[in-house]
Structures are given as C-alpha cells and as structure tokens.
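Q: show me the folded form of this:
(2 chains)
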Amino acid sequence: MTRIRVLLGALGVAAGLYGVLLLLDLGGENLRATGIWLVGGVILHDAVLAPATVLLAYGAAWVAGRVTGRRLPAPVIVGAVVLGAATLVAVPVLGREQARPNPTLLDRDYVLGWWVLAGLTLVVVVGALLRDRVRRRGGADGTRAGRR
Amino acid sequence: MARVDVRGISIPVPDENDFTSRLRSPAVASRVGVWLGICFGIAFLTGVISHQAQAADPLIPFPTRPVWGYRLSQGLHVITGTAAIPLLLVKLWTVFPKLFARPPKRLRMLVVEGLERSSIAVLVSAAIFQLASGLANSAQWYPWGFQFRATHYAMAWVAIGALLVHIAVKLPVIRDSLRGDIEQTVHDRPAATEQGELSRRGLVRSAVLAAGVAVLATAGSTVPLLRKVSVFGVRSGEGPAGIPINVTARAAGVTASALSRDFELTVVHAGATRTFTRTELAALSQTSAELPIACVEGWSASGLWTGVRLRDLLDLVGAPRGRDVHVVSLQERGTYRQSTLPHQFADDDLTLLALGLNGEPLALDHGYPCRLIAPNRPGVLQTKWVTHLEVLA
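A: Sure thing, here's the model as predicted:
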C-alpha cells in the first residue's frame, strides 16, 4: 500500500503544481481576482455556512425537545439536508430571472419553483413523520421508532 | 469550549471535542467521499475534453464523431459538478470538527500535521472555488474579475492534485472505513458518541438523495425529459424553432448588418474569392442533418439543420481537403466573433452552413443569414452570422 500511496501523492503534487503554473501564467491581476474567490469561498463555508448549520441544528433540536419531548426526527433532518442543498444550488438563478436581454435564458419563475420544491419536501417529511408515528404506536413490526 | 484571551477579553473558541454527534465520523466521510470522488473525477475528465475541444492546438485532433459526444461530455460535466455540491457540503460537515483540533506539541508531528492540513486547505479551497464558479457560470453569472475558462481549468488541476494527495494521506483510514461496518468507531474522535435519530447510513443516503434532487432540479437544460421537472433549470428549452439562444443578435450588435440587403458571404482560398448572397446560398444544393447545439455552460438541444454543406462551398473555390478554415462573424466584438474550424470538421459531410432550423428559415438570433453547425463541437465555436470563410494554408 505504501507504494500506491507514494505514487498517488507524487501524481497529486505534480498535477497540483501544473495547475499552479497554469494559474501563474494568467498574470497577476487574474491571480488576485482568483485569490479573492479562493479565500472567500473557504471563509463563506467555514465562518458562515458551517456555524449557521450548527446553530440551526441546535435550535431545531431545542424546539423539538420542547414541543415533543424527543430528539429531532430523522425525516426533518433529511428534508433540511435536501432542501438546504437545493437552495444553495439555486442561488445563481433565484431572483435573476431575465437578468440578460435574452428571452430563452433564465426563463422560468424560479421563486415559484423553489416554493414547489419546498412544498414537496414538506409533504414527504410530514408523510414520513406520520408513518413513523403509526409504527411507534403499532410497534408490531419491531422496528425502532424514528429510525430510517 | 476553550477560551482564548485577546487583549484581556476572554473569547470562547470551539474545540474538536465540542462536536459530539457520532455522524461526524470517518466511516461516513469516506462513504460520502467515494461519491464525491467519482463526481470530481468525471467532472475533471469531461472538463479536460471540453478544454481540448476549444484549444487552438489540441494534443490530438478533436474527433467529429459521435455527433453527440460533446453534448454528452459537457452535460455530464455540469451534472456531476452540480451533484458534487450537496455531497461536498455533507462531507465538510462530517469533518468540520477537525478544523478546531489542537496542533500537536512535538515538532516533528507539528510539521507532518501542518503539511497535511495545508493540503486539505488547498483541497477545500479549490473544491469550493470550482463548484461555485462552475455553478455561477452555468447560469451566465460572472461576479468575478478572473478569466473563467482558463482559471477554472488551472484550478481543476489544483483540485484534482490536492484530491489525489488527500487520498494518498488518508488511504489506510479510507480502506479501514470502507471495509468495516459503517457503525464502527475505530477511527472516530473520542467525543463523537452522541446518537441522534438519523443513522449514519441515513446521512450517507441523505447526501446522495440531495445530490439527486439537485441534479433533477437543474438538468432539464440538457436532458429534454427533465424539462418540466427542473424548476431551477437555466433554460426551459423554449426558443425560436424550439431551440434556445445563447447570444442574441441584439447583444452581439449584428441586427442591422445581418438584415441588410447588402449581406454577402465571402469564401476565400489562395487567390480565388467567391461571394454569395443568401438567395444564392439557398439556390445551392441543400443538406439536412440532425445535430445538437451543446453549449459550454452545459445546456444543449438537438435540431434539424438545413443548409449548404461547407465542403461544397470550399469545392467552389477549389480548396483541397485537409485545410483548416477561418470562420468570421458579422459580430464586431467578442472572443467568439471568429473561430478556426479544424480540417477534419471542414471536410465532414455533416458540417453545414445552415440557412434553416427545424423546417423554418434560420431565426435572426440563431445566426441569420447563415451560421456554422458542425458535429461534436462546443456551441461557442458554432459561429453565427457568418460573413467570411477563409481556407488557411
């Protein structure tokens, strides 16, 4: 395995250095503009998105504890992961309808689309919660409540 | 939570042990990592293909078949890039506590760990850069000052290089984790013991599900079957003659010159020059071909193009086979006002100077009076509003 690791590592370093050379070739102004995004992206994730996720998760768990006396149900977590990720993917189109003078580009109602997706997610999550509740009451099939 | 004194003020700093969920485990990270690695691998390879397709001097001549090759390759590029976004977010979530790990005290360990952490910093930074810039570019949003294509290509090598280094460093842990049960705890942080309602397997499935939903919500721009489903699709697929447009005639500033009665196409080879009005082009032998238009931004559509075979025009000026052709648009500005058509495309029977699309005369925004359409080429090189063809020596 050591051989494979050394080979992979050497290949990786070579590929990375080639990329750095390509990047340097594009000039100082381009490098500066790239640097802003390289650093900004990490800051946006590590200092904004990740802490916000942690806080949101704590908040949701606290509310769930108060309301139901239980831990945050699995379907709610899954729904949040799916909708949260889809919302981030939609950032470049949300609110940018017809941003360019081209009737065939960004030609949907993306805000409406988001609500449709959010509604669908909600329906599936509530459906799963009800299913889990029925199972917990019945308990006949022996599955643990809340586990997916 | 540890506290750090900054100028007499005690500030709470999270510690790795503050994160107690047992979902934040290498057993989860490695499984999500496999999916993420597959996506990055495909995006990298298809990215290199696209770069070669646009290169003035490719390593090997770009093939003209299959006609849908570039459509498939670039569609995969954007689809795997989109799928990687939820996967990367979940992956980073599972390893986030590591960011707050205390550095080791022994110098040798400090150096080793410092190197490893640096490689991870490069990987995370390059990965976020690639996914964010690619996603924005697919929606024609350019909130940056760098050249997109060249920079995205350079950073792709950095990202894939850092990924290989990361795999090399973590290989023993990855192997253990993937061979063992997902519930195993051998490589877990000691604090990661808190059991929630979501299982580890449930989290891995959620990441894959989220990736699938992100793809379904966007891929309609290139997969016709998904057009109705893709609520975040950059294009609904509508447009003149049922095909979307990338740059309108107005945006290109060619409305007046394209509609002018004086429009002429010039074909030049060595000393011979021939000119054609659109009527004269329409009087030449017409050929139809079902060819996709596949943009670098990832959208694509297939159409039935009708027009003059480019090779027929070249024959009229006595140009031999095997010559590249310089194609110039009426467009006065912009990188893509001209293109060089490699000889294998110029000589191909399916390469047309199109006058019509899907049974209608070519719309102004599709390149009226005539446009280039060749098999297996990126859309940006399918020059519109063509006014000048020159056979290169």
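Q: quick one: stretch A:29-46 to chain centroid distance?
A: Mean-position distance between stretch A:29-46 and its chain equals 20 Å (Cα atoms, centre = their mean, to the nearest Å).
Q: flag every buried residue along that stretch.
A: Buried residues in stretch A:29-46, defined by neighbour count with 16 or more other Cβ atoms under 10 Å in any protein chain shown: A:N30, A:L31, A:A33, A:T34, A:W37, A:L38, A:G41, A:V42, A:H45. Glycine gets a C-beta too; all of them are placed from N, C-alpha and C.
Q: of those residues, which belong to helices?
A: Using DSSP state H, A:N30, A:L31, A:A33, A:T34, A:W37, A:L38, A:G41, A:V42 are the members of these that sit in helices.
Q: so which of the residues you listed are also by chain B?
A: Counting by Cβ under 8 Å from any Cβ of the partner chain, A:N30, A:A33, A:T34, A:W37, A:L38, A:G41, A:V42 from those sit close to chain B.
Q: ok, these vs B:A289, which is closest?
A: B:A289 has its nearest neighbour among these in A:N30, at 39.2 Å by Cβ to Cβ.
Q: which non-adjacent residue is nearest the closest one?
A: Distances taken as Cβ to Cβ, 6 or more residues apart in numbering or on different chains put B:F146 closest to A:N30, at 4.9 Å, once the chain neighbours are dropped.
Q: assumed the one you found was part of a helix.
A: No: B:F146 sits outside any helix when classified using DSSP: H, G, I helix; E, B strand; the rest coil, being coil.
Q: just give me the neighbour total for it.
A: 25 (other Cβ atoms under 10 Å in any protein chain shown).
Q: on that earlier part again, columns distance to B:V215 on top of the ones in helices among the buried residues of stretch A:29-46, output as TSV?
A: Shown next, in TSV, are these (distance: Cβ to Cβ, whole Å):
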residue	distance to B:V215
A:N30	31
A:L31	33
A:A33	30
A:T34	27
A:W37	24
A:L38	26
A:G41	22
A:V42	25
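Q: thinking again about what came up before, quick one: contacts for the residue nearest to A:N30?
A: When contacts are counted by Cβ atoms under 8 Å, 6 or more residues apart in numbering or on different chains, B:F146 is found next to A:L26, A:N30, A:A33, A:T34, A:W37.
Q: same question, A:M1
A: Per Cβ under 8 Å, 6+ apart, neighbours of A:M1: B:L171, B:P172, B:R175.
Q: same thing with B:I182?
A: B:I182 touches B:A27, B:V28, B:R31, B:R200, B:R201, B:V204, counting by Cβ under 8 Å, 6+ apart.
Q: and it, that's in a strand?
A: No: using three-state DSSP, the secondary structure at B:I182 is coil, not a strand.
Q: narrow the contacts of A:M1 to those that are buried.
A: Applying 16+ other Cβ under 10 Å to the contacts of A:M1 flags B:L171 as buried.
Q: quick one, helices of chain A?
A: With DSSP H as the criterion, chain A has helices spanning A:2-25, A:28-43, A:50-68, A:74-89, A:110-138.
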